[in-house]
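S.K.: Sequence first, predicted model second:
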Protein chains: 2
Amino acid sequence: MHPATIPRPDNVPSSGARPARVTAAMVAARAGVSAATVSLVTSGKTAGRVSAENIAKVNHAINELGYVVDGLGSSLARGRSNIVILVAPDVSNPFFAKVIDGVRTEIGDAFQLLLSVTEAGQMPTPAVVRNLLSLRPAGLLVDAPSAGFLAGLPATGPMVLLDTAGVESEAPSVNFDLDGAALMLADHLADLGHSTVAYLDGTTGTETFRVRREAFCRHARTRGINVVAQTATTIDVGAAADAFARAWPQWQRQGVTAVVCSTDTHAYGVLQEARVARLAVPAQLAVTGFDDLPYSETSSPGLTTVRLPAAELGRAAGRQLLRLLAGEELAAKELVGEELEGDDRNGHRVTLESTLVVRGSTVDGGVAQGGQV
Amino acid sequence: MHPATIPRPDNVPSSGARPARVTAAMVAARAGVSAATVSLVTSGKTAGRVSAENIAKVNHAINELGYVVDGLGSSLARGRSNIVILVAPDVSNPFFAKVIDGVRTEIGDAFQLLLSVTEAGQMPTPAVVRNLLSLRPAGLLVDAPSAGFLAGLPATGPMVLLDTAGVESEAPSVNFDLDGAALMLADHLADLGHSTVAYLDGTTGTETFRVRREAFCRHARTRGINVVAQTATTIDVGAAADAFARAWPQWQRQGVTAVVCSTDTHAYGVLQEARVARLAVPAQLAVTGFDDLPYSETSSPGLTTVRLPAAELGRAAGRQLLRLLAGEELAAKELVGEELEGDDRNGHRVTLESTLVVRGSTVDGGVAQGGQV
DNA sequence: CTGAAAGCGCTTACAG
DNA sequence: CTGAAAGCGCTTACAG
């Protein structure tokens, strides 16, 4: 009579009742204590409040019955759940995978990390956000937020922004030093004598891409580099290869000696096409990227690229959020009406240094020479 | 005094109280009705139970106050939340992105889809699962489950498995017809006259990879094809390229005329290396993949591959889950003690047909000739 | 150290 | 059609 769910170990016939949920009351009865005591034990607040004997009894009963604290009841009583929601426009790329992993590492078991799922490349709609917030997450992590998204966000609990390049917000945030990165890149190319370069951008319209391009172009100009051409394609090796193949004859005529790509993925396409065209990299053409994705180390030649520390971005954001959450607890418990100490009022804006990783796509023997600058 | 959260529109000073949560009781007071009536309105159960006038009043009050039904309270009262949790070992690959998208499309706004986040390539630990389940999700979707994971799963609510290749389970599931796919592939290569091939596998140890390989080898043998070599690398273009470059001299001596890859990503590496080595594809070497990732259409030559309908996998699983959920509701409401109709007892095991997409990597002009077979 | 009680915010029989 | 009341499962003052 029940819809097929997961297999029952024993073939329970059509009585089909779901296994009864084990509640704190049941544990209490079994242990011969009150539900309050059970709660104290499960939440670890026993110090000076529960006798060792009762703690043992409760734990025993918990194991016997296989009790798990109900997330809904618990969250409702505490006023918030223990889930942290990570909102991001692009879940499926290796760079973001590292970011996620960093967050996960930092958040640990204290909170349950869940990813909001949206249409590829989209931030969740206001309606979805309202839905998410109604779950009373302990905190929110938002990657690459658009300005519109932030504007529509109702003022709720702790939130940390990741990779907000170009978007204004007062919320605590963790960012890459894209300007510094672009500067290093421009310097590197200028030092190598490049004076005419092309820029291959992404079409997603992400803020970070815009910032990368603008920062590079600015610093390039300062260093006397002409950015004579710009094209954009989707973030796809094939699309980038095509675009480069089509553009190259023209670029060559313009004297382009280097192609700067807004992400390594594009650069892979360029490298690939260059190999097919038997263009000597870096002698005839230098290629650079952003991100330092895994493949950049093993491509041939290796790709010179701005390493944006993805995992560290996730970790730093996780750390910030944990601090906010701890602060909240403090505020609720002890500091009502007072001011928190400086540490919690500053440090809300973390910027991570990027590094330029020099490899064979700009310098012969770049890898051998040691990599990072 | 509160930790910095998100920016307040107006600079609320250190009074700092969170904006008071708007509750159903507040809406009720404003509208001059009972909380029960508010609930009826928000859940759309007004038919014959709430006057048009009161509906209007309540809706008005809701808008005025910006009321959103609290997910925790609501879920606790109903006995389950409206979230569906998608558990998967590999969130960050373009194939899975399509699966997610399919699920999202099907689930729609009825439920809130959230992704469980685990270490890359890992299923969540039993502890995490218990945590997730304590949120009382309306349903669970599990992609590429390992046998161990399923065994450790407590018997809970509705669940649908995706891509369970090789894993036994009684739970409703949606799968690809990998055997049929492997057969088509073997036939295709045999028809082209290949009799000696190499197999390039992934090292993740995913069940689906094992099944792909075994099924292909079986059918290949039947068709008189010798699979003379097998290698495995991580799922990375560069790694695959390296592996191929290293293995090719030997393979060539063995008379290998085709490389079958367990996923397109590997095949990209092979194609790339083949171009560098000026190996004529497909004349000297045919290459095939599995998945039909986006780039397979634009690579040069295009990649002959088994198209596994990823989005359809997600949609079918979403559909199954919705049916389970609907059945549950029925069971709870009307059918206690009776049997559900056949439709709900069968059809719990959906198999999706795969197709072989023939492109230039096995047949000259493969694309032009129409693609699918 | 312990338990009875109130409360978190909602939904759903139930009696009118 | 409407509202008072009980209940979902927990946590947290509070009184002992």
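M.R.: Sure, I can see it.

S.K.: what about the spatially closest residue to residue A:349 that is not a sequence neighbour, how many neighbours?
M.R.: Residue nearest to residue A:349 in three dimensions, not counting chain neighbours: residue A:173, with 5.8 Å by CB to CB, 6 or more residues apart in numbering or on different chains. (Glycine included, C-beta is placed from N, CA and C.) Close neighbours of residue A:173, defined as other CB atoms under 10 Å in any protein chain shown, add up to 23.

S.K.: close enough to count as contact, residue A:173 and residue A:166?
M.R.: No: if you go by CB atoms under 8 Å, residue A:173 and residue A:166 don't touch, sitting 11.8 Å apart.

S.K.: contacting residues around residue A:232?
M.R.: A:200-203 (CB atoms under 8 Å, 6 or more residues apart in numbering or on different chains).

S.K.: from what I can see, it looks like it's in a helix, true?
M.R.: No: going by DSSP: H, G, I helix; E, B strand; the rest coil, the assignment for residue A:232 is strand, not a helix.

S.K.: could you redo the contacts of residue A:232 as JSON lines and give each row pLDDT, secondary structure and distance to DNA strand C?
M.R.: Shown next, in JSON lines, are these (pLDDT from 0 to 100; DSSP: H, G, I helix; E, B strand; the rest coil; distance: CB to the nearest atom of the strand, whole Å):
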{"residue": "A:200", "pLDDT": "97", "secondary structure": "strand", "distance to DNA strand C": "50"}
{"residue": "A:201", "pLDDT": "95", "secondary structure": "strand", "distance to DNA strand C": "45"}
{"residue": "A:202", "pLDDT": "91", "secondary structure": "strand", "distance to DNA strand C": "42"}
{"residue": "A:203", "pLDDT": "87", "secondary structure": "coil", "distance to DNA strand C": "42"}
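
S.K.: What subset of those is buried?
M.R.: Buried members of the contacts of residue A:232, counted by 16 or more other CB atoms under 10 Å in any protein chain shown: A:200-202.

S.K.: top helix in chain A by residue count?
M.R.: The residue-count maximum for a helix in chain A (DSSP state H) belongs to helix A:310-333.

S.K.: Name the residues linked to the residue nearest to residue A:349 by a beta bridge.
M.R.: residue A:161, residue A:349 (DSSP bridges).

S.K.: which ones are touching residue A:85?
M.R.: Residue A:85 neighbours (CB under 8 Å, 6+ apart): A:114-116, A:132, A:135, A:137, A:139-141, B:114.

S.K.: Return the closest of these with respect to DNA strand D.
M.R.: Minimum distance to DNA strand D across the contacts of residue A:85 is 14.6 Å, recorded for residue A:135 (CB to the nearest atom of the strand).

S.K.: Leaving out sequence neighbours, find the closest residue to the closest one.
M.R.: Counting by CB to CB, 6+ apart, the residue nearest residue A:135 is residue B:71, at 4.5 Å.

S.K.: dump the residue contacts of the one you found.
M.R.: Residue B:71 touches A:131, A:134-136, B:81-82, counting by CB under 8 Å, 6+ apart.

S.K.: same question, residue A:73
M.R.: By CB under 8 Å, 6+ apart, the contact list for residue A:73 reads residue B:76.

S.K.: any idea which element it lies in?
M.R.: helix A:71-78 (DSSP states H and E).

S.K.: Convert that helix to CSV, retaining C-alpha atoms only.
M.R.: C-alpha atoms of helix A:71-78 as CSV (Å, rounded to 0.1, in the frame of the first residue of the first chain):
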residue,chain,number,x,y,z
GLY,A,71,16.3,18.5,12.6
LEU,A,72,13.0,20.2,12.2
GLY,A,73,11.9,20.1,15.8
SER,A,74,15.3,21.1,17.0
SER,A,75,15.7,23.9,14.5
LEU,A,76,12.3,25.3,15.3
ALA,A,77,13.0,25.3,19.0
ARG,A,78,16.4,26.9,18.6
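
S.K.: Filter the contacts of residue B:71 down to the buried ones.
M.R.: Of the contacts of residue B:71, these count as buried by 16+ other CB under 10 Å: A:131, A:134-136, B:81-82.

S.K.: what's the farthest-apart pair in the residues you listed?
M.R.: A:136 and B:82 (13.8 Å; CB to CB).

S.K.: Now residue A:217: closest residue in space that isn't a chain neighbour?
M.R.: Nearest non-adjacent residue to residue A:217 (CB to CB, 6+ apart): residue A:227, at 5.2 Å.

S.K.: which SS class is the one you found?
M.R.: Using three-state DSSP, the secondary structure recorded for residue A:227 is strand.

S.K.: what's it in contact with, if anything?
M.R.: Residue A:227 neighbours (CB under 8 Å, 6+ apart): A:197-199, A:216-217, A:220-221, A:260.

S.K.: go with 10 Å
M.R.: Applying CB atoms under 10 Å, 6 or more residues apart in numbering or on different chains to residue A:227 gives the contacts A:186, A:196-199, A:213, A:216-218, A:220-221, A:256, A:258, A:260.

S.K.: roughly how far apart are the residue nearest to residue A:349 and DNA strand C?
M.R.: Per CB to the nearest atom of the strand, to the nearest Å, residue A:173 is found 29 Å from DNA strand C.

S.K.: Chain B versus that residue, what's the distance?
M.R.: Distance from residue A:173 to chain B, counting by CB to the nearest CB, to the nearest Å: 10 Å.

S.K.: Leaving out chain neighbours, which residue sits closest to residue A:196?
M.R.: residue A:255 (4.4 Å).

S.K.: And for the one you found, the neighbour number?
M.R.: Using other CB under 10 Å, residue A:255 has 11 neighbouring residues.

S.K.: Quick check: phi and psi at the residue nearest the centre of chain A.
M.R.: Centroid-nearest residue in chain A: residue A:99, 3.6 Å away (criterion: CA atoms, centre = their mean). The phi/psi pair for residue A:99 (degrees, to the nearest 10) reads phi -60, psi -50.

S.K.: residues touching it, list them.
M.R.: A:86, A:88, A:93, A:141, A:143-144, A:162-163, A:174, A:308-315, A:317, B:92.

S.K.: which sections of the stretch 51-200 of chain A are below the confidence cut-off?
M.R.: Scanning the stretch 51-200 of chain A for pLDDT under 70 picks out no residues.
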